[in-house]
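> Predicted model and sequence below, questions to follow.
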Amino acid sequence: MPSETLKLMKKLTPPELVQQSLVLLDKILQEAKDRLPEQNFRLGFIYKHASNILDLGDDVLALELQGRSSASRIVVRSMVESLFKLVAAFKNHSFATEKVVAEIEDEIERIQKWVEAKRANECLEGMDETIKQLMDAAQQLRLEHEVTTRRRWNVFDTAKVAELDWHYIRNYFMFSKYVHSTFSGIISQEHQIGRGYVLETMIFIVLAAAGHIPQVIETVTPQAHIDETARLMSITIDTVLNAGTYYFVVDGTGNSNTSNYGSLGSYTLTGFTGPLPIHDVSLSGNIVKDKHVLNW
């Protein structure tokens, strides 16, 4: 990105960047809602998960602003899983129906196990009808969409198809311990481990959803939405970092025309070592003989 453009970027706090990202996703979904094909199950699936990300994102931001990070870490994990499913459906046209059928049949199996384990009348009451309704729904989806596979599409398989960057998977497992109330999760919560990752994770989840929707569902200004997503991803964040080791990562990102590997380029990072009494960091970039030179 040209240095002239970078200099014009306004520094934002993480909550401000999250808020702008949520506003963008909300605008995209409002435009997409009126243009969403009624009979397209895949696009409806993608839209629903993007909406789920937006709704949960609003809640996470509210919790973070109130200092309720223990709860927000649980919610943001659901956002990561919705993103896995959204992107998997974006890349694999049969994923949406197969995944929904798998979810329904998994629910049936869980209910049946609980009913078999506890034969009390209060447990059985209404369960037979619930199981029947779920079975009918799964069978109808299988017939309408010609779903023959019995693939369960667990989180690992879903994330593998989505091909998202490693930090999404890292954060998914980090936040999962809070969801399942594992002992290590309770200890981590007491020591506030992972708290600093909540808003960072949210920014990328929301912007990833915002970047995918205009590519599959019609909106008023799809290119403008993609451009705004890219702008927010490139924006400077004004925040305070704890003492520690930090890394710059340049990661290839594929699209419909090229793979992650095919998007690789040549980059040079120039910096210096020693005590850094940093009050401000400004990033600039130039192209020198087909190479991208970044300076800060």
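Noted; the coordinates are in hand.
> Return the set of buried residues in the helix or strand hosting F45.
Take DSSP states H and E as the rule and F45 turns out to sit in helix 41-65. Across helix 41-65, burial judged by 16 or more other CB atoms under 10 Å covers 42-47, 49-54, 56-57, 60-61, 63-64. C-beta here means a position set from N, CA and C on the backbone, and glycine is covered the same way.
> following that helix, which helix or strand comes up?
By DSSP H and E, the next helix or strand past helix 41-65 is helix 69-91.
> Show me what secondary structure element comes after that next one.
Counting by DSSP H and E, the next helix or strand C-terminal to helix 69-91 is helix 95-117.
> Local confidence estimate at T130?
Residue-level confidence at T130 comes out at 87, pLDDT.
> Equivalent analysis for H225, please.
For H225, the model assigns a pLDDT of 92.
> Can you tell me, leaving aside adjacent residues, what's nearest to it?
The shortest distance from H225 to any non-neighbouring residue, by CB to CB, 6 or more residues apart in numbering, is to P214 (4.6 Å).
> ok, now Y47?
In space, Y47 is closest to L36, 5.7 Å off (CB to CB, 6+ apart).
> Over to A230?
G211 (7.7 Å).
> residues in contact with that neighbour?
I226, T229, A230 (CB atoms under 8 Å, 6 or more residues apart in numbering).
> What is the neighbour count of the last one?
Read it as A230. Neighbour count of A230, defined by other CB atoms under 10 Å: 13.
> ok, back up a step: for the residue nearest to Y47, the count of nearby residues, please.
L36 has 15 nearby residues by other CB under 10 Å.
> did I read that right, it in a helix?
No - looking at L36 with DSSP: H, G, I helix; E, B strand; the rest coil, it is coil, so not inside a helix.
> wait, it sits on F45?
No - between L36 and F45 there is no contact under CB atoms under 8 Å: 11.0 Å.
> tell me the contacts of D58?
So, once contact is read as CB under 8 Å, 6+ apart, D58 ends up touching L22.
> What separation is there between it and K33?
17 Å (CB to CB, to the nearest Å).
> least trustworthy helix or strand in the chain by mean pLDDT?
helix 3-7 (a mean of 37; mean pLDDT, DSSP states H and E).
> contacting residues for L56?
Residues in contact with L56 (CB under 8 Å, 6+ apart) are V75, V76, S78, M79, S82.
> can you do 10 Å?
By CB atoms under 10 Å, 6 or more residues apart in numbering, L56 lies in contact with S72, V75, V76, R77, S78, M79, S82, M202, I205, V206.
> Also I104?
Here I104 is in contact with Q133, L134, M135, D136, A137, A138, Q139, L141, R142 (CB under 10 Å, 6+ apart).
> Could you check which helix or strand contains the third one?
So that's M135. Per DSSP H and E: helix 127-144 holds M135.
> got the angle for that helix vs helix 95-117?
160 degrees (axes from the mean of the first three to the mean of the last three CA atoms, to 10 degrees).
> outside of helix 127-144, which residues touch it?
39, 41, 97-98, 100-105, 107-109, 111-112, 114-115, 147-149.
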